[in-house]
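J.: Requesting a structural model of the entry that follows:
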Amino acid sequence: MDSYEKVFYLMKCFVFSGFIASIYILINADFTILNRFGGELGNENAIGIIIGISSIFGLFYLLKNRNYWYLIIILTNLTVILLTGSRKALILVVISMATVLIFKENGNLKSKLKSILVSIVLIGIVIFVINNVAIFYEIIGRRMVSMFQFILGEGTSEGSINTRSDMIKWGWVWFKERPLFGYGIDNYKYLYGYINSEGDVYSHNNVIELMVGTGIVGTALFYIANIIVVKDLLKASKLTSKLLCYSFIAIIAGYIFMSVGLIYYYGKHISIILAVGSIIYRLSKTELKNS
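T.: Below is the predicted model:
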């Protein structure tokens, strides 16, 4: 990755691979059964997030080139994300797209307020759709309601949320036993398997998974690496396209935000994004030197 052309090519690979996955899911979907879609390609959450990254980079090209064919890709992807029933993917996409829209370029206060208003309207549309279109409500709407009920302390009958809350509690217990270096990476599932009849299950929480496995040392090193990349991208945004830099920042920040419900420390896609994001500042300095 020694030129912007290669960075743009990789971003297009993300865009079109996610779009192809969306088309494949729609072609093979059985709309007579209202279950979560995308399982034929893997875990629904993982597929939803991959398609989400495709949508965010698609937004980059839509705004950069004013090529409205990318709008078709984004809308198709968003439809499929709702059909996967992935709360993580939906939140990641909404947060990331709003971040890109608000910080995409330098502008006055009026321009920023306009971007904020557009973001609020888009979020409102998503909320309306998942609550008023029957297929989306059955697949993801109910899940979103359960999540917000739990967050607001109202309680929920959804088993997966209550189970993950229990996993976090156990994770804190094990972290306190070995707070410095943990039990060894990827060992949470074995610890939980001893006290749960479901067998070996990961914690569904990146922070807990890392703290139990690698302690405060490993957890700190992992997130410091994330923060360094974001910091370099912020510096690069002053030298090159803010739209490019904030597209990467939005995805990385979205992953960090989703740490409470997503394990990603070994994820291929975010690892690629962190690696490429880490060299954009270098490319921007090289470009400035040669100009």
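J.: SS state for residue 101?
T.: Assigned with DSSP: H, G, I helix; E, B strand; the rest coil, residue 101 falls in the helix class.
J.: what's near enough to touch it?
T.: Residue 101 sits next to 59, 115, 118, 119 when contact means C-beta atoms under 8 Å, 6 or more residues apart in numbering. Bear in mind the C-beta positions are built from the backbone N, C-alpha and C, glycine included.
J.: In the residues you listed, which has the lowest confidence score?
T.: Lowest model confidence among the contacts of residue 101 falls on residue 115, which carries 82.
J.: how deep is that residue tucked in, by neighbour count?
T.: 18 (other C-beta atoms under 10 Å).
J.: shouldn't it be in contact with residue 104?
T.: Yes. Checked against C-beta atoms under 8 Å, the pair residue 115 and residue 104 is within contact range at 7.3 Å.
J.: Let me know the pLDDT of residue 120.
T.: What the model reports as pLDDT for residue 120 is 90.
J.: With the one 10 residues further on instead?
T.: Each residue has a pLDDT score; the one for residue 130 is 90.
J.: again, but for residue 284
T.: Looking at residue 284, its pLDDT is 90.
J.: neighbouring contacts of the strand or helix carrying it?
T.: Assigning secondary structure by DSSP states H and E places residue 284 in helix 268-290. Helix 268-290 is contacted by residues 1-4, 7, 10, 14, 49-50, 53, 225-226, 228-230, 232-233, 235-236, 239-240, 244-245, 248-249, 251-252, 255, 264 when judged by C-beta under 8 Å, 6+ apart.
J.: swap in stretch 240-247?
T.: Taking C-beta under 8 Å, 6+ apart as the criterion, the residues outside stretch 240-247 that touch it are 4, 7, 11, 56-57, 59-60, 63-64, 99-100, 103-106, 233-234, 236-237, 280, 283-284, 287.
J.: What is the distance between it and the centre of its chain?
T.: 18 Å (C-alpha atoms, centre = their mean, to the nearest Å).
J.: returning to what we had before: just the buried residues from the contacts of stretch 240-247, in PyMOL please.
T.: Selecting only the buried members of those in PyMOL, with burial defined as 16 or more other C-beta atoms under 10 Å, works like this:
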select buried, resi 4+7+11+56+57+59+60+63+64+99+100+103+104+233+236+237+280+283+284
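J.: what's the weakest-modelled helix or strand in the chain?
T.: helix 142-151 (a mean of 79; mean pLDDT, DSSP states H and E).
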